[in-house]
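S.K.: Sequence and predicted structure are below.
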Amino acid sequence: MDGFDRLPQEYQALTGRSLTIDQLALSDRFADLMVEANQKINLTAITSPEDVRIKHFLDSFSLTLATGTLTNESVIDIGTGAGFPGLPLKLLFPEIRLTLVDSVAKKTGFLDMVVQELDLSQVRTVTDRAEALGQQPAHRQAYDWALARAVASLPALVEYLLPLVKIGGNVLVQKGESAERELAAAQKAIRLLGGGKAEVIPVSLPGIPDQRFLILIPKVRRTPAEYPRRVGIPAKNPL
Ligand code: SAM
């Protein structure tokens, strides 16, 4: 994809980390597959090469400012859409065990195709709602990291994510200018669901005037059994 050769410099400037030639090639291939598939199924509104590079890939790579280097940690990305931010993180850290979740089957179908094409191991896709997974023993309190970008307001999002995380693990979400306001509104939910003190990390992307933020919330206590509530309730009636 045009301009992708700038990604290593931009990643280095943002995080101080290096992108290998292989990681760049896989990112480039994934971007091409997404833009091609997007002509048939509606995966993303971000399609210009510059926007795909910065707003999808570099923005996803910015998570490393909070995660540091990951090895064989288990990571779940809720409402992943076309695979962001989870799949770019997998390209950086091939050893992670990644679960990509979306409630829309055509999106997880696209991701299955990408996983095959890029020959990735230890990636599974799940077509379901976050609220349903949070009550399933296979997923509940099973992950080191639970990620989300552009899925719901923070009070609802923490009810999707905190039940999925092990004690000692973390929720990590990406937000725009509303981050501090959403965090204030989510304090009660975070406490109820077993979250600890949140950390907010500012992220500035090249050429993007709006400030972005990572919100990192440690899981410090077990989530009470009644959460997450039924599908649809966290968003309709946030804690
Ligand atoms: N995270 C991707 C990104 O930033 O490019 C996609 C964002 S898109 C705006 C939101 C996605 O979340 C959609 O694909 C939608 O199907 C999914 N979604 C919304 N609520 C969900 C839920 N409760 N459980 C699972 N997926 C959900």
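M.R.: Done, it's in. Residues are numbered from 1 along each chain as shown.
S.K.: Strands along the chain, start to end?
M.R.: In the chain, the strands defined using DSSP state E lie at 74-78, 97-102, 123-127, 143-149, 165-175, 199-203, 212-218.
S.K.: who's in contact with the second one?
M.R.: Just to be clear, that refers to strand 97-102. With contacts defined as Cβ atoms under 8 Å, 6 or more residues apart in numbering, strand 97-102 is touched by 72-81, 83, 86-87, 89-90, 108, 111, 122-128, 130, 133, 139, 143. For every residue, glycine as well, the C-beta is placed using N, CA and C.
S.K.: just the buried members of those?
M.R.: Listed as buried from the contacts of strand 97-102 are 73-81, 83, 86-87, 89-90, 108, 111, 123, 125-128, 130, 133, 139, 143; burial here means 16 or more other Cβ atoms under 10 Å.
S.K.: The ligand contacts on the protein?
M.R.: Proximity of the chain to the ligand (Cβ under 6 Å from any ligand atom) is limited to residues 78-82, 84, 101-104, 107, 129-131, 149-151, 160.
S.K.: Now tell me which helix or strand of the protein has the poorest mean pLDDT.
M.R.: helix 49-51 (a mean of 94; mean pLDDT, DSSP states H and E).
S.K.: for that helix, the distance to its chain's centre please.
M.R.: Relative to its chain's centre, helix 49-51 lies at 19 Å (Cα atoms, centre = their mean, to the nearest Å).
S.K.: So for that helix, what gets flagged as buried?
M.R.: When burial is assessed from 16+ other Cβ under 10 Å, helix 49-51 yields no buried residues.
S.K.: what comes up buried for stretch 159-169?
M.R.: Buried residues in stretch 159-169, defined by neighbour count with 16+ other Cβ under 10 Å: Glu159, Tyr160, Leu161, Leu162, Pro163, Leu164, Val165, Lys166, Gly169.
S.K.: Can you pick out the most distant pair from these?
M.R.: Across the buried residues of stretch 159-169, the longest distance by Cβ to Cβ is 17.0 Å; it joins Glu159 and Lys166.
S.K.: How far off centre is stretch 22-34?
M.R.: Counting by Cα atoms, centre = their mean, stretch 22-34 comes out at 18 Å from the chain centroid.
S.K.: Return the per-residue confidence for the closest residue to Met34 other than its chain neighbours.
M.R.: Using Cβ to Cβ, 6 or more residues apart in numbering and skipping the chain neighbours, the partner closest in space to Met34 is Ala82 (5.2 Å). For Ala82, the pLDDT comes out at 97.
S.K.: show me the contacts for Ala82.
M.R.: So, once contact is read as Cβ under 8 Å, 6+ apart, Ala82 ends up touching Met34, Asn38, Leu43, Thr44, His56, Lys107, Phe110, Leu111.
S.K.: could you redo the last one with a cut-off of 6 Å?
M.R.: By Cβ atoms under 6 Å, 6 or more residues apart in numbering, Ala82 lies in contact with Met34, Leu43, Thr44.
S.K.: Distance of it relative to Phe57?
M.R.: Separation of Ala82 from Phe57 (Cβ to Cβ, to the nearest Å) stands at 11 Å.
S.K.: next one: Ala66
M.R.: Ala66 sits at a distance of 17 Å from Phe57 (criterion: Cβ to Cβ).
S.K.: Among the two, which residue is more densely surrounded?
M.R.: A direct count of neighbours by other Cβ atoms under 10 Å for Ala66 and Phe57 places Phe57 higher, at 26 against 18.
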